[in-house]
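Asks: After the sequence you'll find the predicted model.
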Protein chains: 2
Amino acid sequence: MPRNRRPRDREEKSEEIVAAAATLFTELGFDKTSLASVAEAAGVTTNTIYWYFASKEVLLVAVLNHMLTEALKDASEQDGTPLVDQLEWVVERLQQRSKLVTTVHALAATSSVVETWHDGFHAVTNEILAEGLRESGVPEDQIHPLTRLGVFAIEGLLMHPLPKAEQRAVLRLITDGSL
Amino acid sequence: MPRNRRPRDREEKSEEIVAAAATLFTELGFDKTSLASVAEAAGVTTNTIYWYFASKEVLLVAVLNHMLTEALKDASEQDGTPLVDQLEWVVERLQQRSKLVTTVHALAATSSVVETWHDGFHAVTNEILAEGLRESGVPEDQIHPLTRLGVFAIEGLLMHPLPKAEQRAVLRLITDGSL
DNA sequence: ACCTGAACACCGTTCAAGT
DNA sequence: ACCTGAACACCGTTCAAGT
């Protein structure tokens, strides 16, 4: 018997579940997506999901990690471009996943597993933004508050979409370090 | 029979339901609060809620309107104070209701009744903030983008609480109109 | 007009049972 | 180790029936 086929199957199966959940969570939102519909899309029984994931929230975290890995990979293509453009790219990408963003914020207050992921996510992304500001020549003592405000601006733009020009104006407030 | 007692009763009953829902939604969050628990706290049957409110989401909007009315009343006490202090007051008040804020943002994407309320809320509050900036002597052409960024900063501070001093620093970026 | 009892379809989750 | 059938308690919502 192929002893070494099992782990691969397991990976594939759970990846299919994550992929199905990612699509449905993104399109319908977390609350309006039932585990039954995720199971159907992944070609398994509802209960099977519980063999791979302890709860619906743990499945959400798996989806988020999968998306983050994907995003960090894609982000490397933006390496040479100006910081404003990079921020614009991030905003557009997150806007397509805005239902996930609001879900994370809502669940972070009541679910410790989601809260932990949320904290880790911002630890990573804050560092990336701070590095970008440093490379743009922002003086060291302004990096910290500007990073703060930058994250606020990005998340604000998700909830309250602005015309392209206005959006760029807001992002430029961050990258240029002055109003 | 006192014909004119009925309308008062109706008002009282629905107010009790709203009050019970307000407390539970604030403390447990919208999703984790069942209509059964709201009914119990208000001393009615679950189905009775449906006589007064078309759905759980409509009840949420009633709660939000009740809170907004209350907030605008209390806000008038802050009239003389500097704009930074007023913003700080708003942030602190919203922080105590942060679960409601995240719920509104999450539901705005899928529920038109909540989306409508959210839009109206920002129309009102944007105008108030813009007026405050005007009175602080901010030049007219900066009012618009600063109001935008101000709302983003306030909402950002709810999701990502900062030490008092840092929070004040962020708010001052808005009221002083320069980094 | 106002309220209730009883039921509806659905939900996330559990578990004993199979292979 | 992996998956399923069947059941659990609970959910928002509906509606015919009462007063």
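Replies: Received, thanks. Numbering: from 1, shown residues only, chains lettered A, B, ... in the order given.
Asks: got the residues of chain A near chain B?
Replies: Contact residues (C-beta under 8 Å from any C-beta of the partner chain) of chain A with chain B: A:28-29, A:31-32, A:98-99, A:102-103, A:105-106, A:108-110, A:122, A:142, A:145-146, A:148-149, A:151-153, A:155-157, A:159-160, A:162, A:166, A:169-170, A:173, A:177-179. (Glycine included, C-beta is placed from N, CA and C.)
Asks: quick one: low-confidence ranges for chain A?
Replies: Filtered on pLDDT under 70, chain A yields the residue ranges A:1-10, A:177-179.
Asks: thinking again about what came up before, filter the residues of chain A next to chain B down to the buried ones.
Replies: Buried members of the residues of chain A next to chain B, counted by 16 or more other C-beta atoms under 10 Å in any protein chain shown: A:29, A:31, A:98-99, A:102-103, A:105-106, A:108-109, A:145-146, A:148-149, A:151-153, A:155-157, A:159-160, A:170, A:173, A:177, A:179.
Asks: Tell me the spacing between the residue most central in space within chain A and residue B:131.
Replies: The centre of chain A sits closest to residue A:68, judged by C-alpha atoms, centre = their mean, with a distance of 5.2 Å. Using C-beta to C-beta, to the nearest Å, we find residue A:68 at a distance of 41 Å from residue B:131.
Asks: ok, now residue A:37?
Replies: According to C-beta to C-beta, residue A:37 stands 47 Å off from residue B:131.
Asks: Neighbour count: these two, which is higher?
Replies: For residue A:37 versus residue B:131, the count of surrounding residues by other C-beta atoms under 10 Å in any protein chain shown is larger for residue A:37: 15 against 12.
Asks: Skipping adjacent residues, who's closest to that one in space?
Replies: Beyond its immediate neighbours in the sequence, the residue positioned closest to residue A:37 (C-beta to C-beta, 6 or more residues apart in numbering or on different chains) is residue A:24, lying 6.1 Å away.
Asks: surely the one you found meets residue A:41?
Replies: Yes - Residue A:24 is within contact range of residue A:41, at 6.5 Å (criterion: C-beta atoms under 8 Å).
Asks: Between these two, which has more neighbouring residues?
Replies: residue A:24 (21 against 16).
Asks: List the contacts of the nearest residue to residue A:82 once chain neighbours are set aside.
Replies: Counting by C-beta to C-beta, 6+ apart, residue A:175 is the residue found nearest to residue A:82 once chain neighbours are left out, at 7.8 Å. Shown in contact with residue A:175 (C-beta atoms under 8 Å, 6 or more residues apart in numbering or on different chains): A:82-84, A:87, A:133, A:136.
Asks: Restricted to buried residues, select these in ChimeraX.
Replies: Typed into ChimeraX, the line below selects the buried ones among the contacts of residue A:175, using 16+ other C-beta under 10 Å:
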select /A:83,87,133
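Asks: of all the contacts of residue A:175, which two lie farthest apart?
Replies: Distance extremes for these: the farthest pair is A:82 and A:133 at 12.3 Å, using C-beta to C-beta.
Asks: can you pull out the helices in chain A?
Replies: Using DSSP state H, the helices of chain A run over A:6-28, A:35-42, A:46-52, A:56-75, A:83-95, A:98-108, A:112-135, A:140-159, A:164-176.
Asks: Would you mind finding the most buried of the ones you listed?
Replies: Highest mean neighbour count among these (mean count of other C-beta atoms under 10 Å in any protein chain shown): helix A:98-108, with a mean of 22.
Asks: hmm, it in reach of DNA strand D?
Replies: No - shown here: helix A:98-108 not in contact with DNA strand D (C-beta under 7 Å from any atom of the strand), separated by at least 14.8 Å.
Asks: Would you mind writing the CA trace of that helix as PDB?
Replies: C-alpha atoms of helix A:98-108 as PDB (Å, rounded to 0.1, in the frame of the first residue of the first chain):
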ATOM      1  CA  SER A  98     -14.300  43.600   2.300                       C
ATOM      2  CA  LYS A  99     -16.900  41.100   3.800                       C
ATOM      3  CA  LEU A 100     -14.000  39.100   5.200                       C
ATOM      4  CA  VAL A 101     -12.500  42.200   6.700                       C
ATOM      5  CA  THR A 102     -15.700  43.300   8.500                       C
ATOM      6  CA  THR A 103     -16.200  39.700   9.700                       C
ATOM      7  CA  VAL A 104     -12.700  39.600  11.200                       C
ATOM      8  CA  HIS A 105     -13.300  42.800  13.000                       C
ATOM      9  CA  ALA A 106     -16.700  41.700  14.300                       C
ATOM     10  CA  LEU A 107     -15.400  38.300  15.400                       C
ATOM     11  CA  ALA A 108     -12.200  39.600  17.000                       C
END
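Asks: wait, does it contact DNA strand C?
Replies: No - against DNA strand C, helix A:98-108 shows no contacts by C-beta under 7 Å from any atom of the strand, the least distance being 11.4 Å.
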